[in-house]
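In: give me a 3D structure for the following:
(chains A, B and C)
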Amino acid sequence: MKEFEMREAGQDRKMRAKVGVYVCECGPNIGGKIDLDRILSDLSGLDDYQDVELVVKKYGFLCSVPGKEFLEEEIKSNGFTHLVIGACSPRDHDSTFMSVCSKTDLNPYLYRIINIREHCSWVIDDKEKATEKAESYLRGGIARVLRQSELFEKPLDINPDVLVIGGGIAGMEAALSLSGEDRRVFLVEKTDRLGGVSLDLSGLLPGQGFVISKKIESIMEDRNIRLFLNTRIKAVIGFLGNFEIELVSEENAETTDIMAGAIVVATGCSLSEPGVSDHFSYEASDEVYTSLSVEKMFSGDEGVKLRSGEQPSSAALIHCVGREEKNYCSGICCSYMMKLAGLFKNQSSDIQITEFYRDICLPQKDDQERYKAAEAAGVTFIRIKDISIKGTDVSFEMMNGEKSKQSFDMVVLAPALKPSADTEELADLLTVPLDEFGFFQEVHKMTNPVGTSTDGVFIVGTAHGPKGVSDSMQFARASAGQILTRLIPGEQLIPEVKVTEILEAYCTGCGNCLEVCVYGAIYSDDSRGISVVNEAVCRGCGNCFGSCPSGALRTKHFTNTQLYQEVDEALR
Amino acid sequence: MPQTGNILVIGAGIAGMKASLMLAGASSKVYLVEKLPIIGGKVIKNEESFPNLECSTCMVAPIQQDVLQNPNIETLTYSTVEKIEGSAGDFSVVIRKKARYVSLTDCIGCGMCYEPCPVSLKNEWEENLINRKAIYVPCSGSLPNVPVIDSEHCLRLSCGEDCSLCAESCAFEAINLEDVDEVLEIDVDAVILATGSSTFDLSSIPDLGYGTLPGVYAPLEFERLFASNGPTFGSITLRDSDKVPGSIAVIHCVGRREQKYCSAVCCMYSFKFARFLKHKIPSVNVFNIYSDICVPGKNYQSFYKSVEGVDTEMLYTSSIADVSVSESGSGLKVAYPDAAGAMKELSVDMVILAAAIVPDDDVIELAKITGVNLDSRGFIATVHDGSGSMETSRKGVFVAGTAEGPKDIQNSVVQAESAAGQVMGIVTSEVSVS
Amino acid sequence: MEKSSEIEFTPAIVGFLCNWCTYAAADLAGSSKLELPPSFTVIRVMCSSRIDHNLLLSTFFKGADGILVAGCHPGDCHYGEGNYYARRRFALLKKVMETLDLAPDRLQLSWVSAAEGKRYAEVVNEFTKKITELGPNPIKNSTRF
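Out: I've put the predicted structure just below:
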């Protein structure tokens, strides 16, 4: 009998190969379309495997409970070293038969399911041809399984603590959601105060001024939260469960090293400078304000005043400033401009407010009421195609082509939100890509919007993209949800098993693989001049394999040697 | 890992599946209850989802597989929750598992049983665009890939006729025509409501012709018409004919005025339809009739800009409420007021109505059973408004996805993740108490 | 250059399919009982980006008359952007094939989503037809290399 060497996870043993080949009849689905008895006799008499003991059997319905029990018993009593199942798609039952193997001494990676239903019996009408094809697939499977290696899960200890970067509304929400579940949180804020932009927006957010100050208070009192004000991130290394971070104080340049299992990025956004675009032009002047500066005036004691010190008797509110240029809609401006209109009307019911808009975008279900309230308060809404602002003179073209010009005491612009200044630098430190707009790029727009390609780094609030306060908080809580369900104190993480490895002897250290890895799972070991895979991060896609010019990579469980076995049988 | 707590998740759409997987991953036992015989929710009806037109099946099928194969998740399809009593950390739940008549463990989904069934009726899952048998899977690629017998239309189960053709055709003895409903009683620590939403009743605006003019389509009907696994394998042809439409109008904001909110997804799916149409039928003329464009989110405006003037002509109307659709020869006539208020007419072969997202019909009953409050629009209300919390008026009961209000896939997932995090709070405090 | 001469030529074609999209489409084609050519062999890989030049060229040297690599549509990759890389690597390999007197058409990259069971069958059948017309692989078991 042929002897196979197996080396994996420090084991080193030699054993004889005894391969079990079990073909599922799947009732008439396979049994009726393929001559299984012929396959059984053909495979049993295979010359190729004279030196390997083959046990070939068929069974009615292998995925049934008795089928699984039968298989388990067969593996145990025969002492198989390898197992091939001829049945259905691995998408249906790969995990079923892996679980069966796990109940025995057979390593689940020394088993292979061969899909002779979807690829043969269901798609080839001619029984003779279907039988030949199924036999060919099975032979490929036997040859392949003999080249497979044992693989083992490598559980990792984790650190359940969390670093939150940014003390604005989203960062505070994330910190409080986590500390509320007894997680230790390091909250790092670059300025000398918590609250972020939300402190200036108190009037924009009904009832939120109080909520924000209460949140700040809760954080100050929270024993689970260690707050670092005037602090920046200097260096980050690691991965989900194990990050090492170096913080640096802006005051005295002192550094602090901390360890955390996850990082929540809540660095917020800022208002963009109003720019000029095809359908919008303006000249800066004394009585032209941004929404945020007007907002600050409202939250002060004296309300909104003109530079002259007088209260305005008319104001133009200009929506969508920068939407065209930035190529995104911030999604919150319509709503807060209507809120501003309300504040103006509160200050003086006589004030003439005109809102110049392009589209009304009110994506929150409560927003529409604000619109109604503004209309009821006598605010004029004018839909425009084109607008140009000179001082406080507003010239505009309406949808019907009519052109007009009006003068106001003041003009308020709603500029688009933009990524905050440090975004790029932080993205570099965290090895998280930015999107086309300069915000942090989520790993999947729909199924994982708070995750990033560096697993363990989460993006929340407006660091992810323009959004309102309640969405920001929801993103923050979503990151907390991921952290609370994935990093559990005292538990371990089990990374992907079918990862890539780099064979040092062949690696030239060219770095191609590093470049193409979306997950940042490969790093360069300069002392050895090679690239190294961090198996805790690798997902096993194999993109690096395709990029390697020197054949130094091996995609475990999908090696070329293994795939060649399938190719050889296909071309026999 | 030791088991930590039991969770009930109602609704196996994207939000419910996501929350279930997260909690199961944290070693909770999850009971995922779905009223339909399959899981996946609304997303799997879309061939591609905006903003990046990603194949929905490729995106969701691995999630569905994970749910069905996760040992910590007990997926109860074709089931409804009948009672929830108790309080956070200690709910007792009664679930009715409707008789499926086909064994989930014995059936392998070969589909041999459909052929002999003599009954033929409209397939609701395929938006009635194709027929199905009384024993059927809602669509090809359904998960779990196990049929169900529609007892209301099965000759044997509804009329007592002596037909057992399906059972006779089954090689696995997986069909049990004597199957009965099963009532389960379980204890859970927390509940997540992820029951999704419905679309606006288009026939309530007779002027738009939905239900009377065959050329007028609801958005989900169009999604299925476009889907390569749908009733026409993705060829866009007019209802009950082989005719390929040469011109199509998409009317925006249908139901926004009536519902008093903007659903925030209709503009995007309307643009997506324009892209689909132009892609499949290059000579087609597409018109989007709109009064406001709502494209919040960082990739939406750019998608709109890539479609505007390229895949569709944008026609502004000063009043959506005054848009009407009528028959005109073999096609349709759309009348709408332009920017100046003057009525304009447009002849098209097909009209798609961008319907608002509205609360699911079953939500009132669900609210009664679960004891949660609804908001003024009929969606499930959260309590700590504006805090991002997904907790409902009943402690220990959370909501996620479009059951809480109209939203896109991204925000549904975000809510599911938030809710899962909040549930962890209940589960872990339970453990530390015990 | 190569030419098709044999009358009843059945090509041997290998399809490397990505686990997440096209393999799922093949399953769907199967459960829809669509007819597929027996000469087509499916080999499952996790991502189309996994396919390197070595594997493809060796497969040709070993005698494949055609190779189909199929994965998720651009933008839909389960691993973010693997299929973009696959596409670029293909462009290069096609150049190499020309120098080997191997018609570049013998190698095809297709995007087939998990929902496209019917399209999968069409792609496989059409590719098989194309390869049948191209005739046998001229470098099969070639000693030149």
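In: which SS class is residue A:226?
Out: Classification of residue A:226 using DSSP: H, G, I helix; E, B strand; the rest coil returns strand.
In: partners of the residue nearest to it when sequence neighbours are not counted in the sheet?
Out: Among residues not flanking residue A:226 along the chain, residue A:186 sits closest, at 5.2 Å (Cβ to Cβ, 6 or more residues apart in numbering or on different chains). Glycine gets a C-beta too; all of them are placed from N, C-alpha and C. Beta-bridge pairing for residue A:186 (DSSP bridges): residue A:163, residue A:226.
In: give me the pLDDT for residue A:186.
Out: As predicted, residue A:186 sits at a pLDDT of 98.
In: do residue C:127 as well
Out: 98.
In: which ones are touching it?
Out: C:13, C:66, C:68, C:108, C:110 (Cβ atoms under 8 Å, 6 or more residues apart in numbering or on different chains).
In: and if we set it to 6 Å?
Out: Taking Cβ atoms under 6 Å, 6 or more residues apart in numbering or on different chains as the criterion, residue C:127 is in contact with C:68, C:108.
In: from residue C:133, how far off is it?
Out: 11 Å (Cβ to Cβ, to the nearest Å).
In: low-confidence ranges, chain B, go.
Out: Within chain B, the segments meeting pLDDT under 70 span B:1-4, B:385-386, B:429-434.
In: what does it have sitting close to chain C?
Out: Proximity of chain B to chain C, by Cβ under 6 Å from any Cβ of the partner chain, involves residues B:52, B:54-55, B:57-58, B:61, B:140-141, B:228-229, B:233.
In: go again using 7 Å as the cut-off
Out: B:47, B:52, B:54-55, B:57-58, B:61-62, B:109, B:111, B:140-141, B:145, B:227-229, B:233 (Cβ under 7 Å from any Cβ of the partner chain).
In: and what of chain A?
Out: Residues of chain A lying near chain C (Cβ under 7 Å from any Cβ): A:89, A:91, A:117-119, A:122-125, A:129, A:133, A:453, A:516, A:518, A:539-543, A:545-546, A:551, A:555, A:558, A:560, A:563-564, A:566-568, A:570-571.
In: can you say which of those residues are buried?
Out: A:89, A:91, A:117-119, A:122-124, A:133, A:453, A:516, A:518, A:539-543, A:545-546, A:555, A:558, A:560, A:563-564, A:566-568, A:570-571 (16 or more other Cβ atoms under 10 Å in any protein chain shown).
In: for the residue in the stretch 151-300 of chain B that chain A sits nearest to, which non-adjacent residue is spatially closest?
Out: Closest to chain A within the stretch 151-300 of chain B is residue B:296: 2.7 Å, counting by Cβ to the nearest Cβ. For residue B:296, ignoring the flanking residues on the chain, the nearest one in space by Cβ to Cβ, 6+ apart is residue A:331 at 2.7 Å.
In: domain assignment for chain B?
Out: For chain B, the structural domains run B:6-98+B:181-196+B:360-433, B:99-177, B:201-356, going by automatic domain parsing.
In: about what we covered before: ok, and of the buried ones among the residues of chain A next to chain C, which contact chain B?
Out: Near chain B, by the rule Cβ under 7 Å from any Cβ, you find residue A:91 out of these.
In: please flag which of the buried ones among the residues of chain A next to chain C sit within strands.
Out: Under the assignment DSSP state E, these contribute residue A:555 to strands.
In: the helix or strand bottoming out on mean pLDDT in chain C packs against which elements?
Out: Ranked by mean pLDDT, DSSP states H and E, the weakest helix or strand in chain C is helix C:82-99, scoring a mean of 89. On a contact count with 3 or more Cβ pairs under 7 Å, 6 or more residues apart in numbering or on different chains; DSSP states H and E, helix C:82-99 meets helix A:543-547, helix C:53-61, strand C:66-71, strand C:107-111.
In: mind checking which of the domains of chain B is nearest residue A:35?
Out: Between residue A:35 and those, the shortest gap by Cβ to Cβ is with domain B:99-177, which sits at 17.2 Å.
In: can I assume the residue nearest to residue B:296 is in contact with residue A:362?
Out: No - here residue A:331 does not reach residue A:362: they are 9.2 Å apart, not a contact under Cβ atoms under 7 Å.
In: and the gap between the residue nearest to residue A:327 when sequence neighbours are not counted and residue B:264?
Out: Setting aside the residues directly before and after it, residue A:327 is nearest to residue B:302 in space (Cβ to Cβ, 6+ apart), at 4.7 Å. Taking Cβ to Cβ as the measure, residue B:302 falls 17 Å from residue B:264.
In: higher neighbour count, those two?
Out: The neighbour count for residue B:302 versus residue B:264, taken as other Cβ atoms under 10 Å in any protein chain shown, is higher for residue B:264 (26 against 17).
In: does the residue nearest to residue A:327 really touch residue A:326, like I thought?
Out: No - if you go by Cβ under 7 Å, residue B:302 and residue A:326 don't touch, sitting 9.4 Å apart.
In: in chain A, where's the longest helix?
Out: The longest helix of chain A (DSSP state H) is helix A:127-147.
In: actually, chain B.
Out: The longest helix of chain B (DSSP H) is helix B:409-433.
In: just the buried positions in that one, please.
Out: For helix B:409-433, burial by neighbour count (16+ other Cβ under 10 Å) applies to B:409-430.
In: also near chain A: which of the residues you listed, exactly?
Out: Applying Cβ under 7 Å from any Cβ to the buried residues of helix B:409-433, those adjacent to chain A are B:409-410, B:413-415, B:417-418, B:420-421, B:424-425, B:428.
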